[in-house]
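Trainee: Sharing a model that was predicted from the sequence below.
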Amino acid sequence: MPGTKQSIAVAAAGEVLEGEARIFEAKGLRIAICRVQGKLYAVEDLCTHDDGPLGAGSLDGHAIECPRHGARFDVRDGRVLRMPAAFPVRVFSVSEKDGQIHVEIDE
Ligand code: FES
């Protein structure tokens, strides 16, 4: 059904440590899951500037920096914080349940 979301377990909760971004795959997507101040965030591992591997970049507070040309995005809502990217990165709802990290992805 269009618009329906599926909750998918992608990792054990302990696999993403504070201040770290790690990449997981779900439904054909590569998703970077980050933990900042204890809370999880999930962004697509695909920089909107030129498809760089965003999840391989560094995390500075809520900002994730693309390792290719230095664009920065806010992991909370995907908005661009620094050029050269002009468009927001895709974000996903993420939660911890029963020791697992779950990401909500469109059906
Ligand atoms: S591909 Fe990410 S900044 Fe260029």
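Mentor: Sure, I can see it. Residues are numbered from 1 along each chain as shown.
Trainee: who in this protein is up against the ligand?
Mentor: Within the chain, the residues that sit near the ligand (C-beta under 6 Å from any ligand atom) are Cys47, His49, Asp50, Gly52, Cys66, Arg68, His69, Gly70, Ala71, Pro84, Ala85. Quick note: C-beta positions are derived from backbone N, CA and C, even for glycine.
Trainee: list the contacts for the closest residue to the third one other than its chain neighbours?
Mentor: Nearest-residue entry for Asp50: Arg68, 6.5 Å, with adjacent residues in sequence omitted and distances by C-beta to C-beta, 6 or more residues apart in numbering. Contacts for Arg68 were tallied using C-beta atoms under 8 Å, 6 or more residues apart in numbering; they are Cys47, His49, Asp50, Gly52, Pro53.
Trainee: In JSON lines: those, plus pLDDT and distance to Val10.
Mentor: Output for these, formatted as JSON lines (pLDDT from 0 to 100; distance: C-beta to C-beta, whole Å):
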{"residue": "Cys47", "pLDDT": "98", "distance to Val10": "20"}
{"residue": "His49", "pLDDT": "98", "distance to Val10": "25"}
{"residue": "Asp50", "pLDDT": "97", "distance to Val10": "25"}
{"residue": "Gly52", "pLDDT": "96", "distance to Val10": "21"}
{"residue": "Pro53", "pLDDT": "96", "distance to Val10": "17"}
